[in-house]
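K.L.:
here you go, sequence then predicted model.
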Amino acid sequence: MRTPSLPAEAGQKPTVADYYAVNRGGGLFSEAVSQRIGSRVAVFAHRHGLSPTVVTMFNLTLGCLTSFVVIAAAGPVADGRAWGWPVGLLALAGWQLAYALDCTDGQLARATGQSTAAGGRLDVLCDVAVQSTLVAAVSATAKAQQPDTPAWLLAAFAATWMVNLVTSVMQSSGQETSMVTNRSLPVRVVKLVRDYGAVIALAGVLLTAAPQWAVWFVALFTLVNGGFLAASIAFTGRTALRSQTGTGR
């Protein structure tokens, strides 16, 4: 992987390829779509003097506003007082663009030498805020469409969803180890169920075409994320025990 030169050193601004070269992955969909969009937005942001922190705030604003619209429209869509497909398309576009901006701020910071500890913390906090509102939007839609949706299922969905965010933060800090290191195409396709970009794309498509199935989305990803959490605990616990036994602790 080529390391992009800083503008001050090379006498020129980083290109789309430079920004993409420092992306942090995220899965097959995220690398192919979200990170590539992010690299193009990074070129625009740098050209117009936007700092990574400003991009982060755009991500926060767009992601939360999109979720708030979905929440507000959940009841009217379920009652037939509003069309569901425009709300779904807004969710699909808004959440995807917000995630692309989340990819942009990191690429921009790394490729232009603007990475800071405070900026990294702000990025994580904004991710928590955006994903919290997204979970609330999907949960509100499921509850509006199926009023008998159990409260415990919505609570479990919200709790296990955060597994994605926690493991992402751990990975960026070097504390996370993949349980399946194989990067073959079939394995990466299977891992799409853990790819944030792919998951929110599915959520947007579902809200557009069949919002009445939102409860099944909730149930599916509660099982996926809950299972991943259990497997991660077992895998990491075994690794920790082996390490401690090997060092005599």
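P.N.:
Happy to help now that I have it.
K.L.:
I'd like the next helix or strand past the worst-scoring helix or strand of the chain on mean pLDDT.
P.N.:
Lowest by mean pLDDT, DSSP states H and E among the helices and strands of the chain is helix 7-10, with a mean of 47. For helix 7-10, the following helix or strand on the C-terminal side (DSSP states H and E) is helix 16-21.
K.L.:
mind listing what's buried in that following helix?
P.N.:
18-21 (16 or more other CB atoms under 10 Å). Where C-beta positions appear, they are placed from N, C-alpha and C, glycine not excepted.
K.L.:
what about the strand or helix carrying Ala240, distance to the chain center?
P.N.:
Using DSSP H and E, Ala240 falls within helix 214-247. With CA atoms, centre = their mean, to the nearest Å as the basis, helix 214-247 stands 19 Å off its chain's centre.
K.L.:
residues in contact with the residue nearest the centre of the chain?
P.N.:
Residue closest to the mean C-alpha point of the chain, counted by CA atoms, centre = their mean, is Tyr196 at 4.1 Å. Applying CB atoms under 8 Å, 6 or more residues apart in numbering to Tyr196 gives the contacts 26-27, 30, 99, 164, 168.
K.L.:
and it, how far is that from Gln35?
P.N.:
11 Å (CB to CB, to the nearest Å).
K.L.:
find the residues that touch each one of these two.
P.N.:
Common neighbours of Tyr196 and Gln35, counting by CB under 8 Å, 6+ apart, are Gly26.
K.L.:
neighbours of Gly106, how many?
P.N.:
Other residues within reach of Gly106, judged by other CB atoms under 10 Å, total 24.
K.L.:
how much space separates it from Ala73?
P.N.:
31 Å.
K.L.:
next one: Val218
P.N.:
To Ala73, Val218 is 18 Å away according to CB to CB.
K.L.:
and if you look at Leu206?
P.N.:
15 Å.
K.L.:
now do Val135
P.N.:
In terms of CB to CB, Val135 sits 16 Å off from Ala73.
K.L.:
can you check Phe221 too?
P.N.:
21 Å.
K.L.:
out of those two, which sits in the busier spot?
P.N.:
Ala73 (25 against 22).
K.L.:
who touches the more buried one in this structure?
P.N.:
82, 87.
K.L.:
now name the helix or strand holding it.
P.N.:
In the assignment (DSSP H and E), Ala73 maps to helix 52-79.
K.L.:
quick one: which of the contacts of Tyr196 is most hemmed in?
P.N.:
Neighbour max across the contacts of Tyr196 (other CB under 10 Å) = Tyr99, 28 neighbours.
K.L.:
now that one, nearest residue through space, not along the chain?
P.N.:
Of all residues not flanking Tyr99 in the chain, Ser34 sits nearest, at 5.2 Å (CB to CB, 6 or more residues apart in numbering).
K.L.:
number of residues surrounding the one you found?
P.N.:
Neighbours around Ser34, by other CB under 10 Å: 27.
K.L.:
go on, Ala117?
P.N.:
Neighbour number of Ala117 under other CB under 10 Å is 7.
K.L.:
any figure for the gap between it and Phe58?
P.N.:
Distance from Ala117 to Phe58, by CB to CB: 21 Å.
K.L.:
same check, this time on Thr167
P.N.:
Taken as CB to CB, the span from Thr167 to Phe58 is 25 Å.
K.L.:
and stretch 59-71, average pLDDT?
P.N.:
The predicted model gives stretch 59-71 an average pLDDT of 98.
K.L.:
Ala93 touches Leu207, doesn't it?
P.N.:
No. Applying CB atoms under 8 Å, one finds Ala93 not in contact with Leu207, separated by 11.4 Å.
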